[in-house]
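K.L.:
Please work out how this folds:
(one chain, ligands or ions: 1)
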Amino acid sequence: MNPINPKTRIKWLLREPEPPPGEISDLAQSLDISPALCRLLYQRGMTTYEDIHFFLSPGLRYLKPLEEWDGLARAASLIADSISKNEKIAVWGDYDVDGITSVALIKDFFTRKGLDILPILPHRLEDGYGLNCQEIESLAREGVRTLITVDCGISNLQEVTRAVELGMKVILTDHHRPGEVLPQADAIINPKTCSCPHPELSGVGTAFFLMAALNNILPGQALDIRNFLDLVALGTIADLVELDRTNRILVKNGLLLLNKAERPGIRALKEVSGIHHKDSIGAGEVGFALGPRLNAAGRLDDPAMALELLLTPDFELAQNLAQRLNKLNDQRKKTEEQILAQARDMALGMLHNRALVLFDPQWHTGVIGIVASRMVDEFHRPCFVLTRENGLIKGSGRSIKGFDLYQGLCSLSHILIKFGGHGLAAGLSIEEDNLDDFRRMFDLEVVNTLGPEKAAREILLDGRLNFNELTPEFIAELELLQPLGPGNPRPVFLSPELLVLDQTLFGNDKHLRFNLKDPASGICLRAQFWRRGDSWGQTSITGRKVVLAYTPAVNTYRGVTSIRLNIREILAVE
Ligand SMILES: [Mn+2]
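P.N.:
Numbers count the residues shown, from 1 in each chain. The predicted structure is shown next:
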């Protein structure tokens, strides 16, 4: 079979290793799961009874003891010391979900302990990301003596120095990649700096561990620290960090709390998202419904209302705030769509480059990060989306596997004013005069790392799955993989050779629907190919044979349950 469109350059691989014969059926039996699921987990690297058992029930008892994190106890005791001296303490976060939940967690912890702490969330447009000297000076004037940072601070060398000069004790917690020089804080808690046993923690996960350590040493009755895991799950899922062992434990247990929705704000947020308060929510609902609404506050307005929503004990107030967030989110979607269309047109004229650097002075800072992600999805190359703000150019970038964005910016640091982030996402600011140089040098950086050819899109498949193996029971069992996210993706299967019976465009020609027949078993199923009307709508493949990468789903409509396929890629057409 020949790929119909060599330009898509899709490279597909089956997961390895193939399990030894006989092993799967014994293992599956002892775990009480189907051999098909057992094989899938085995091929995802869980090869023993213990591995799979942990994955299926990641209880909190599996968390490594706090003592294994060097420096954590010391940071906690510095805070306990400030508390015992009745010092005024502030916690400084960020305007995204991770940053807001981090502040909410610490504020909530202090409140439940009967203590006071001043929460600070920067305003995206007025203050920008991270610490700033002006606000630090005003905090000092207000008598703040201890500053805790969450989800930010690791690249704020000057600002931390200023805070220390003003006599503040600085407990810096962040999970962004540290530069070569660290700020002169009294303590730095960053999962990426020292011998931290949880390298993939989010900002709120980091704050959670610090509060757990503080909980152990504060006088009085200790709190049940598990009650904060709903906030940890929100921030961890929204920040798209890798769901490694620790994060799986935190998120899976946090989702149980989000389901109970005991926080009035969570309940109100579910309500405005059209989720019944008794309906269960998974990582998907957090990522697509709750997260964007919390984020909308900081994108277009003041993140303080999202913080208030998470903390208020008053359900009526929570409903009110949730409504406002919902409106902002609708507004965000409109703005995003406009910018997306403009960015897409611009990108189409630049596809001879290996990297996309898109700039328009009118674009809204609040959505450029989302637009960059969508450009990477569509054009599969590192991308920066930039806008003008207070006379400077500011931008948000996203990358693909194989090109470390943070590293890339490090080598261009001489023309940047500020930058920071991770391997796959980063932010920067630059003088407008240096924009052309940045465009040229960033592209060169990408060419040097990835080569001059467009990188092939890789799809990793969980194995071959024929239509006669697709049962509602097996599809239901796949839910045991939840929560899904980076490091634990939704399973994708390789189809057998299928016959396309018919093909229809739907939803304003945005999407495609196919009826497909598996000639070997005679089974016919319906499949959807979302958002590919553009690229496949003009090519009729009715009557031809195809091989697909697909994800199965159960669809219930008017009480009738049927199996549907979601096509991820058309791998080959004969
Ligand atoms: Mn974060």
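
K.L.:
Enumerate the residues of the stretch 151-300 of the chain near the ion.
P.N.:
Selection of the stretch 151-300 of the chain residues close to the ion by C-beta under 5 Å from the ion yields 151, 203, 239. The way it works is simple: take the backbone N, C-alpha and C, and place the C-beta from them, glycine included.

K.L.:
switch the cut-off to 6 Å
P.N.:
Contacts of the stretch 151-300 of the chain with the ion, taken as C-beta under 6 Å from the ion, map to 151, 175, 202-203, 239.

K.L.:
can I see the domain layout of this structure?
P.N.:
Annotated domains of the chain cover 6-16+462-573, 62-260, 349-456 [automatic domain parsing].

K.L.:
Reformat those as JSON lines; add distance to residue 40 and mean pLDDT.
P.N.:
Formatted as JSON lines, these follow (distance: least, C-beta to C-beta, whole Å; pLDDT from 0 to 100):
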{"stretch": "domain 6-16+462-573", "distance to residue 40": "5", "mean pLDDT": "91"}
{"stretch": "domain 62-260", "distance to residue 40": "16", "mean pLDDT": "96"}
{"stretch": "domain 349-456", "distance to residue 40": "22", "mean pLDDT": "93"}
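
K.L.:
So for residue 269, which of those sits nearest?
P.N.:
Closest to residue 269 of the domains of the chain is domain 62-260 (C-beta to C-beta; 9.5 Å).

K.L.:
and the protein, which of its residues are near the ion?
P.N.:
Proximity of the chain to the ion is confined to 98, 151, 175, 202-203, 239 under the rule C-beta under 6 Å from the ion.

K.L.:
Including neighbour count and secondary structure, could these go into a markdown table?
P.N.:
Listed next are the residues of the chain next to the ion as a markdown table, based on neighbours: other C-beta atoms under 10 Å; DSSP: H, G, I helix; E, B strand; the rest coil:
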| residue | neighbour count | secondary structure |
| --- | --- | --- |
| 98 | 30 | helix |
| 151 | 31 | coil |
| 175 | 30 | coil |
| 202 | 30 | coil |
| 203 | 32 | helix |
| 239 | 26 | coil |
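
K.L.:
Closest to residue 502 out of these?
P.N.:
residue 239 (42.1 Å).

K.L.:
what secondary structure does residue 443 sit in?
P.N.:
Using DSSP: H, G, I helix; E, B strand; the rest coil, the secondary structure recorded for residue 443 is helix.

K.L.:
I'd guessed it sits against residue 355; true?
P.N.:
Yes: at 4.6 Å, residue 443 counts as touching residue 355 under the criterion of C-beta atoms under 8 Å.

K.L.:
higher neighbour count, these two?
P.N.:
Neighbour count, other C-beta atoms under 10 Å: between residue 443 and residue 355, residue 355 has more, with 23 against 19.

K.L.:
Enumerate every residue touching residue 307.
P.N.:
Taking C-beta atoms under 8 Å, 6 or more residues apart in numbering, we find residue 307 in contact with 100, 103-104, 107, 119, 121.

K.L.:
Mark which of the residues you listed are part of helices, please.
P.N.:
Per DSSP state H, helices hold the following members of the contacts of residue 307: 100, 103-104, 107.
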